[in-house]
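Novice: here's a sequence, model it:
(2 chains)
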Amino acid sequence: MTIAAGIDVGTGAVKAAIFSVENGKETWLSRAILRIRQRDPIELARIAYDQALEDAKLTPNQVDYVATTGEGESVPFHTGHFYSMTTHARGAIYLDPESRSALDVGALHGRAISIDERGKVLSYKMTSQCASGSGQFLENIARYLGIAQEEIGSLSQQADNPEVVSSICAVLAETDVINMVSRGISAPNILKGIHLSMAARLSKLLKSTGAVSGVVMMTGGLALDKGLVAALEEDIANIKDMKTIVRSHQDSIYAGAIGAALWGAHRFEKLAASGLLPKAA
Amino acid sequence: MKTFVGIDLGSTTTKAVLLDENREVIGRGITNSRSNYATAARVASQEARVDARFTLFRRALAGADGLATDLDEFLSALERAFRLEQFVEQLADLEQTCLGHIKGDRFAEVEGAVKEALSEVFERLRKEAPELYAPGAKRKSDFFRDIAGSRYHAHAEEVARAASAPYDLLINVYDKSIIDVENRPPEGNLSDKFRRALSRILSADQSASNIQSTIEDALAIDLEETYLVGTGYGRVTLPFSKEHIRSEILCHGLGAHMMYPKTRTVLDIGGQDTKGIQVDENGIVANFQMNDRCAAGCGRYLGYIADEMNMGLHELGPLAMKSDKPARINSTCTVFAGAELRDRLSLGEKREDILAGLHRAIILRAISIISRSGGVTDEFTFTGGVAKNEAAVRELRKLIKENYGEVTININPESIYTGALGAAEFARRAHEGGDSMEEAA
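Specialist: I've put the predicted structure just below:
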């Protein structure tokens, strides 16, 4: 039996997941998540890992492989590191084997990843150069409106007349939103407007990787945002030639950590088979 | 006395300037704009009136005897005491507002723990407040949101850890409450606050009554708001009529001209825009260029970096100055700058080198905007919040010299008020021209 941990250090939160793998059977033992909120991500990675270990009733020396992903490369106790495309792809397949795309929407990046049935990455595209419509932007706005992240989705779904965010730039859009507040636009209409503009970008991204049909699994922190998922479905429904089915999973936010743990276990088993065991942390 | 008010509603900060009839600035006030613009305008002009009182105190006390210390020392002690009064008052408001926000499902089982943690956090905030305003104390910012916010975060983290109370909820309560507090113009009688501040610093010595009566006299002078002109990003959303609005470009041009009459090129780096302006010998704008669609390289860039590093905005420049090997920064996006910073830190690059690189990136963008506006002509004036940042200034001087040779570069310590100063002068001219407040308002 192989025990592997995955630690995904993101921009907004640190996620940890511990798995055991035996004869190809994957069992999720424990998980932990901590929002960063201006604290040291590497220190939080340690805390999240300790929490996950405690939950799984494991000691560090029982873990065969500690895999990091995201910005976790500098976590001192890691065995190996995986690129987040590969971990999110693997995580998406774990959450729903029917997934043929993963749409990872985190604090700073939106990433569309096209994957095969075994979780191998076929191609990917990401938003770059410009943070317009990023999760960080949404988070800043929510903080400005005094709304907890967990409340964003349900509020957005109460919108009756969404106000479109006109700015192309995330920073200028902040000012836009501040003006909306002084004009008395309701929080649900502001949030839905942001969701719609993010969704338009994301569906374009998906289309550019060829994901015009099949199941898309949302991963990353914003997968939990029901308002964004709904806006994405709305947007896709309006695009000709696009019949993509969008899914999200209650554990989507752990996709990177899950993928890291599973790839970690895989690598460990291959190394064990070839007699080249890494030293466990 | 007659005063003329200029208000510059920037996207990040709102500034107000009070001019007297002799075109002398008697008061300046600033607040952050992250609330509604009407409130921001009220707070900034109230701050300018507070500052004007200090000018009046200075005028009244100059030459007065009985001061135990010298005048500058006395006035700065009085100002610190006044700020402390203000801070403590807003802190009490914040605490009450926070308590009011502890409700709903998310607090169902932890209400007691959150309340207890909250009162501990505020206890600590109150206790350290006098320290924040002690002589020589360095504050991360002068805005309540920033001072209270950064200290609240720090204490909340400690308290939450010690009491295993939910940190996220503590932060959320703060996020909800700070907006309410910011949207409430500070209450209370200003004169009373001055009196309380005065009694904080005046010892029992016999000369006190002398000073007290001088201060009372200065407090009694009426600061009549004769004419007001608004400018800046938020001017359109304000309850100003058309006669009371001037464009930002015009105000910046005129403001820079008032500070430095020989100025021909003005660079203004504000929170979310960068402007290159060419003005003629009367301070009239001949040409200008500004960023659109993208805020790359604006002041907010440094704001993101400061947040990322958990530092105050003022602290960035001095740290960047320590670098002799600036990093080459790739991302121009303000929002991504934080991520790039983190990447580079984790690769072991030095903080000062990264910061120096970030400052250079801002100035490079600015130089390209100036060149589109028509280049640099002698004299050149750098205005806006970023002009206070020595690392940005160092980079600017270097690049201007490389590209345009030896030109006079003016940087006024009060450069952030340039737009408001221009607006105040427009107000004074409008009044001189025969307009009055009544017919326009």
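Novice: hey, let's count contacts and neighbours off CA atoms from now on
Specialist: Fine.
Novice: what about the strands in the stretch 151-281 of chain A?
Specialist: With strands called from DSSP state E, counting those that start in this stretch, the stretch 151-281 of chain A shows them at A:215-219, A:245-247.
Novice: could you identify which of those strands is most buried?
Specialist: Most buried of the strands of the stretch 151-281 of chain A, by mean neighbour count (mean count of other C-alpha atoms under 10 Å in any protein chain shown): strand A:215-219, with a mean of 27.
Novice: number of nearby residues for the nearest residue to residue A:139 once chain neighbours are set aside?
Specialist: Nearest residue to residue A:139 in three dimensions, chain neighbours excluded: residue A:149, at 7.0 Å (C-alpha to C-alpha, 6 or more residues apart in numbering or on different chains). Residue A:149 has 15 neighbours, counted by other C-alpha atoms under 10 Å in any protein chain shown.
Novice: how about residue B:241?
Specialist: Using other C-alpha under 10 Å, residue B:241 has 13 other residues around it.
Novice: now it: phi and psi?
Specialist: phi -80, psi 170 (degrees, to the nearest 10).
Novice: where's it relative to residue B:235, distance?
Specialist: Going from residue B:241 to residue B:235 by C-alpha to C-alpha, to the nearest Å gives 10 Å.
Novice: three-state assignment of residue A:131?
Specialist: Taken by DSSP: H, G, I helix; E, B strand; the rest coil, the conformation at residue A:131 corresponds to coil.
Novice: I'd like to know which of the strands of the stretch 151-281 of chain A is closest to chain B.
Specialist: strand A:215-219 (19.9 Å; C-alpha to the nearest C-alpha).
Novice: mind giving me the packing neighbours of the closest one?
Specialist: The contact analysis (3 or more C-alpha pairs under 8 Å, 6 or more residues apart in numbering or on different chains; DSSP states H and E) places strand A:215-219 against helix A:84-95, strand A:99-105, strand A:245-247.
Novice: nearest to residue B:124, out of these?
Specialist: strand A:99-105 (38.4 Å; C-alpha to C-alpha).
Novice: the helix or strand following that closest one - which strands sit beside it in the sheet, and in what orientation?
Specialist: The helix or strand immediately downstream of strand A:99-105 is strand A:110-115, counting by DSSP states H and E. Strands adjacent to strand A:110-115 in the sheet, as given by DSSP bridges, are strand A:99-105 (antiparallel), strand A:121-126 (antiparallel).
Novice: from the rest of the structure, what touches strand A:110-115?
Specialist: A:85, A:89, A:99-105, A:121-127, A:134, A:202, A:205-206, A:209-211 (C-alpha atoms under 8 Å, 6 or more residues apart in numbering or on different chains).
Novice: let's have the strands of the stretch 151-281 of chain A in CSV, adding mean pLDDT.
Specialist: Shown next, in CSV, are these (pLDDT from 0 to 100):
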stretch, mean pLDDT
strand A:215-219, 97
strand A:245-247, 96
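Novice: now tabulate these in CSV and tack on distance to residue A:46.
Specialist: Shown next, in CSV, are the strands of the stretch 151-281 of chain A (distance: least, C-alpha to C-alpha, whole Å):
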stretch, distance to residue A:46
strand A:215-219, 23
strand A:245-247, 31
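Novice: among those, which is nearest residue B:357?
Specialist: strand A:215-219 (33.7 Å).
Novice: if you average the pLDDT over stretch B:310-322, what comes out?
Specialist: Across stretch B:310-322, the average pLDDT comes to 90.
Novice: next one: stretch B:169-177
Specialist: Taken as a whole, stretch B:169-177 has a mean pLDDT of 91.
Novice: and the closest residue to chain B within chain A, its phi and psi?
Specialist: Using C-alpha to the nearest C-alpha, the single residue of chain A nearest to chain B is residue A:146, 3.8 Å away. The phi/psi pair for residue A:146 (degrees, to the nearest 10) reads phi 70, psi 40.
Novice: who touches it in this structure?
Specialist: Residue A:146 neighbours (C-alpha under 8 Å, 6+ apart): B:172, B:175-177, B:179.
Novice: how about 7 Å then?
Specialist: Each residue near residue A:146 by C-alpha atoms under 7 Å, 6 or more residues apart in numbering or on different chains is listed here: B:175-176.
Novice: how about the one 10 residues further on?
Specialist: Listed by C-alpha under 7 Å, 6+ apart, the contact set of residue A:156 reads A:188-189, A:191-192, A:227.
Novice: so which of these are in helices?
Specialist: A:188-189, A:191-192, A:227 (DSSP state H).
Novice: now, of those, which are buried?
Specialist: Listed as buried from the ones in helices among the contacts of residue A:156 are A:188-189, A:191-192, A:227; burial here means 16 or more other C-alpha atoms under 10 Å in any protein chain shown.
Novice: nearest to residue A:59, of the residues you listed?
Specialist: Distance to residue A:59, by C-alpha to C-alpha, is smallest for residue A:227 among those, at 39.4 Å.
Novice: isn't the closest one right next to residue A:159, touching?
Specialist: No - in this structure residue A:227 lies outside contact range of residue A:159 using C-alpha atoms under 7 Å: 9.8 Å.
Novice: hey, what's in contact with both of these two?
Specialist: Counting by C-alpha under 7 Å, 6+ apart, the shared contacts of residue A:227 and residue A:159 are residue A:192.
Novice: report how many residues lie close to residue 200.
Specialist: Picking chain A for this. When neighbours are defined as other C-alpha under 10 Å, residue A:200 has 17 of them.
Novice: let me rephrase: I mean chain B.
Specialist: Counted with other C-alpha under 10 Å, residue B:200 comes out at 14.
Novice: if I pick residue 271, what's in contact with it?
Specialist: This is for chain A. By C-alpha under 7 Å, 6+ apart, the neighbours of residue A:271 are residue A:277.
Novice: that was the other one, I meant chain B.
Specialist: B:11-12, B:298-300.
Novice: which element, helix or strand, includes residue B:156?
Specialist: Using DSSP H and E, residue B:156 sits in helix B:144-163.
Novice: and that helix with chain A, contact?
Specialist: No - judged by C-alpha under 7 Å from any C-alpha of the partner chain, helix B:144-163 stays clear of chain A, getting no closer than 8.8 Å.
Novice: tell me the mean pLDDT over that helix?
Specialist: Per-region confidence: helix B:144-163 scores 90 on mean pLDDT.
Novice: what does the helix or strand just after that helix contact?
Specialist: Following helix B:144-163 in sequence order, the next helix or strand is helix B:167-182 (DSSP H and E). With contacts defined as C-alpha under 7 Å, 6+ apart, helix B:167-182 is touched by A:143, A:146-148, B:35, B:93-94, B:97-98, B:101-102, B:114, B:145, B:156-157, B:160.
Novice: if we go to 8 Å?
Specialist: Contacts for helix B:167-182 (C-alpha under 8 Å, 6+ apart): A:35, A:143-148, B:34-35, B:90, B:93-94, B:97-98, B:101-102, B:107, B:114, B:118, B:145, B:153, B:156-157, B:160-161.
Novice: just the CA trace of it, in CSV.
Specialist: C-alpha atoms of helix B:167-182 as CSV (Å, rounded to 0.1, in the frame of the first residue of the first chain):
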residue,chain,number,x,y,z
TYR,B,167,-10.0,33.5,11.9
ASP,B,168,-11.9,33.7,8.7
LEU,B,169,-15.0,34.9,10.5
LEU,B,170,-13.1,37.5,12.4
ILE,B,171,-11.8,38.9,9.1
ASN,B,172,-15.2,38.7,7.4
VAL,B,173,-16.7,40.7,10.3
TYR,B,174,-14.1,43.4,9.8
ASP,B,175,-14.6,43.4,6.0
LYS,B,176,-18.3,44.0,6.4
SER,B,177,-17.9,46.6,9.1
ILE,B,178,-15.1,48.8,7.7
ILE,B,179,-17.3,49.8,4.8
ASP,B,180,-20.0,51.0,7.1
VAL,B,181,-17.5,52.9,9.2
GLU,B,182,-15.9,54.4,6.1
